[in-house]
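Novice: Okay, predicted coordinates and the sequence, questions at the end:
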2 protein chains.
Amino acid sequence: MGNDTRNALLDSAERAARTVGFDGFSYADLANEVGIRKASIHHHFPSKANLSIELMQRYLEKFEMARAEFRTNPSSGATQLSAVINSYREGVSEGKSVCLCVSFTTSRESLPEEVSVLVRRFRTMVTEWLTAAFHAGQSDGSIANVTNPTMEAAATLPLIEGAQLAARAEEDPSLFDNALELLKQRLTH
Amino acid sequence: MGNDTRNALLDSAERAARTVGFDGFSYADLANEVGIRKASIHHHFPSKANLSIELMQRYLEKFEMARAEFRTNPSSGATQLSAVINSYREGVSEGKSVCLCVSFTTSRESLPEEVSVLVRRFRTMVTEWLTAAFHAGQSDGSIANVTNPTMEAAATLPLIEGAQLAARAEEDPSLFDNALELLKQRLTH
DNA sequence: AAAAAACTATCTACTGATAGGTTTTGAGTG
DNA sequence: CACTCAAAACCTATCAGTAGATAGTTTTTT
């Protein structure tokens, strides 16, 4: 299984990108953390641009799989909404980390166009999931006061991402929870 | 008035920080845009860390002045909330720019601690303003369905900042408006 | 033995920063 | 008003450090 090093590099790079930004770490840092020489990284990822693409691809696939699971096992709108919120909540480790999508949005200029495409696809996918969740929540009554699922979804993704940012700004995960308190109160499982 | 160059540098740096991030531009870029040599920048800002601090200080003061104006001229909760939203909306030029506060939050690791302190002060100030706005809106009836002004404020700043991020991700300012549509509908002037 | 993986050594480009010299400005003085 | 001179502003030249990347070699794996 020669993918060990490769995965270790991806893991390390993802963690770094989400805490210090994609421009905030170097191949030297990566090499130091994984335990190989920095020149060896190029064997797995010819360029850093290449690494950023594969990073975002993996991230997108992971989230798509999570959604697919909810598609096959139908659940209430509130449950689906909670699932999305929780997956973002997990990313907020000690208030240091943000979604890779957020990280790549801020440093967009120094990334290949392909990453921006993947980021947009990611956002579209999550927004669709949220729309479906609010729609379901409206029908099954598990989310209170839903009148326009599309508008709710358009507000919810920014809210969640902004909440991660807030937690990072103050280095305090509770700010994430505070930001989502109002939304969570509408959930009746 | 020898402050011309200095202000030009601050303006250029702020624009750059908000579009490509603080690590995304160099003294060379700045020099090129302002029309002096990069070594000359050090005469105004000894180090880039220094520049980041002065940038955030100016930004904070600008916002504090905007708030002070609303303190002396009391207005409805909805008007105050709109003022905050609009000031963030202005920052979204062609979906390329985010609040300096957001930019400095993401690249926090490469900035002096003093900047983080100012960012926190900024966030506290805006949150207080929002809390006051929701409180007023609850009393004067200009904002519908307010039951907990503190919780509303804790959600609103992340929502606005996340909306900027969304607009930047898709390079489309209308995403900012979409994200805030639901909130705006609650305003009755 | 061929292919994959990691290595050493080195390169070019660019970063922020410094040293030290030149020009510009502007307030004070005769 | 003209002159002086110091401070402010800007310059050229250069530095040490680090970035990502490449070439070519050795080790490990299969």
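Specialist: Looks like it came in fine. Residues are numbered from 1 along each chain as shown, chains lettered A, B, ... in the order given.
Novice: what does chain A have sitting close to DNA strand D?
Specialist: Residues of chain A found near DNA strand D (CB under 7 Å from any atom of the strand) are A:1-2, A:25-29, A:38-39, A:42, A:46-49. All C-beta spots, glycine's among them, are computed from the backbone N, C-alpha and C.
Novice: PyMOL command to pick out the buried ones of the residues you listed?
Specialist: The PyMOL selection below is limited to those of the residues of chain A next to DNA strand D classed as buried (16 or more other CB atoms under 10 Å in any protein chain shown):
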select buried, chain A and resi 25+27+48
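Novice: export the residues of chain A next to DNA strand D to JSON lines and tack on secondary structure and distance to A:Arg108?
Specialist: Shown next, in JSON lines, are the residues of chain A next to DNA strand D (DSSP: H, G, I helix; E, B strand; the rest coil; distance: CB to CB, whole Å):
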{"residue": "A:Met1", "secondary structure": "coil", "distance to A:Arg108": "34"}
{"residue": "A:Gly2", "secondary structure": "coil", "distance to A:Arg108": "32"}
{"residue": "A:Phe25", "secondary structure": "coil", "distance to A:Arg108": "17"}
{"residue": "A:Ser26", "secondary structure": "coil", "distance to A:Arg108": "19"}
{"residue": "A:Tyr27", "secondary structure": "helix", "distance to A:Arg108": "21"}
{"residue": "A:Ala28", "secondary structure": "helix", "distance to A:Arg108": "24"}
{"residue": "A:Asp29", "secondary structure": "helix", "distance to A:Arg108": "21"}
{"residue": "A:Lys38", "secondary structure": "helix", "distance to A:Arg108": "25"}
{"residue": "A:Ala39", "secondary structure": "helix", "distance to A:Arg108": "28"}
{"residue": "A:His42", "secondary structure": "helix", "distance to A:Arg108": "24"}
{"residue": "A:Pro46", "secondary structure": "coil", "distance to A:Arg108": "21"}
{"residue": "A:Ser47", "secondary structure": "coil", "distance to A:Arg108": "17"}
{"residue": "A:Lys48", "secondary structure": "helix", "distance to A:Arg108": "15"}
{"residue": "A:Ala49", "secondary structure": "helix", "distance to A:Arg108": "13"}
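Novice: pLDDT added to the residues of chain A next to DNA strand D, as TSV?
Specialist: Conversion of these to TSV gives the following (pLDDT from 0 to 100):
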residue	pLDDT
A:Met1	44
A:Gly2	61
A:Phe25	96
A:Ser26	96
A:Tyr27	97
A:Ala28	96
A:Asp29	97
A:Lys38	96
A:Ala39	96
A:His42	97
A:Pro46	96
A:Ser47	97
A:Lys48	97
A:Ala49	97
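Novice: Looking at the residues of chain A next to DNA strand D, spot the one nearest A:Pro74.
Specialist: Distances from A:Pro74 to the residues of chain A next to DNA strand D, taken as CB to CB, are shortest for A:Met1 (36.1 Å).
Novice: Do any residues in stretch A:126-136 lie close to chain B?
Specialist: No: contact of stretch A:126-136 with chain B (CB under 8 Å from any CB of the partner chain) is absent, the minimum separation being 9.2 Å.
Novice: residues in contact with the closest residue to A:Ser174 other than its chain neighbours?
Specialist: Counting by CB to CB, 6 or more residues apart in numbering or on different chains, A:Ala167 is the residue found nearest to A:Ser174 once chain neighbours are left out, at 7.7 Å. A:Ala167 sits next to A:Val92, A:Gly95, A:Pro173, A:Ser174, A:Leu175, A:Phe176 when contact means CB atoms under 8 Å, 6 or more residues apart in numbering or on different chains.
Novice: any idea how far A:Glu54 is from the second one?
Specialist: Spelled out, it's A:Gly95. When CB to CB, to the nearest Å is the yardstick, A:Gly95 and A:Glu54 sit 27 Å from each other.
Novice: ditto for the fourth one
Specialist: Relative to A:Glu54, A:Ser174 is positioned 34 Å away (CB to CB).
Novice: Which one of the two is surrounded by more residues?
Specialist: A:Glu54 (16 against 13; other CB atoms under 10 Å in any protein chain shown).
Novice: Is that one in contact with A:Arg6, as I believe?
Specialist: No: counting by CB atoms under 8 Å, A:Arg6 is not a contact partner of A:Glu54; they are 9.1 Å apart.
Novice: buried sites along the longest helix seen in chain A?
Specialist: Longest helix of chain A, by residue count under DSSP state H: helix A:113-140. Residues A:115-116, A:118-120, A:122-123, A:126-127, A:129-138 are the ones in helix A:113-140 that count as buried (16+ other CB under 10 Å).
Novice: which residues in chain A form helices?
Specialist: Counting by DSSP H, the helices of chain A are A:3-20, A:27-34, A:38-44, A:48-72, A:77-91, A:100-106, A:113-140, A:149-170, A:174-184.
Novice: Which residue would you name as the spatial centre of chain A?
Specialist: Nearest to the mean C-alpha position of chain A, by CA atoms, centre = their mean, lies A:Cys99 at 3.7 Å.
Novice: where in chain A is pLDDT low?
Specialist: Applying pLDDT under 70 to chain A picks out residues A:1-2, A:189.
Novice: How about the residues of it by DNA strand C?
Specialist: A:Gly2, A:Asn3, A:Asp4, A:Thr5, A:Ala31, A:Gly35, A:Ile36, A:Arg37, A:Ala39, A:Ser40, A:His43, A:His44.
Novice: Closest to chain B out of those residues?
Specialist: Chain B has its nearest neighbour among the residues of chain A next to DNA strand C in A:Ala31, at 18.8 Å by CB to the nearest CB.
Novice: The closest one - how many residues pack around it?
Specialist: So A:Ala31, with other CB under 10 Å, has 17 neighbours.
Novice: Relative to B:Gly77, how far out is it?
Specialist: Counting by CB to CB, the gap from A:Ala31 to B:Gly77 is 54 Å.
Novice: cool, and A:Glu64?
Specialist: From A:Glu64 over to B:Gly77 the distance is 41 Å, taken as CB to CB.
Novice: Looking at the two, which one has more neighbours?
Specialist: B:Gly77 (23 against 15).
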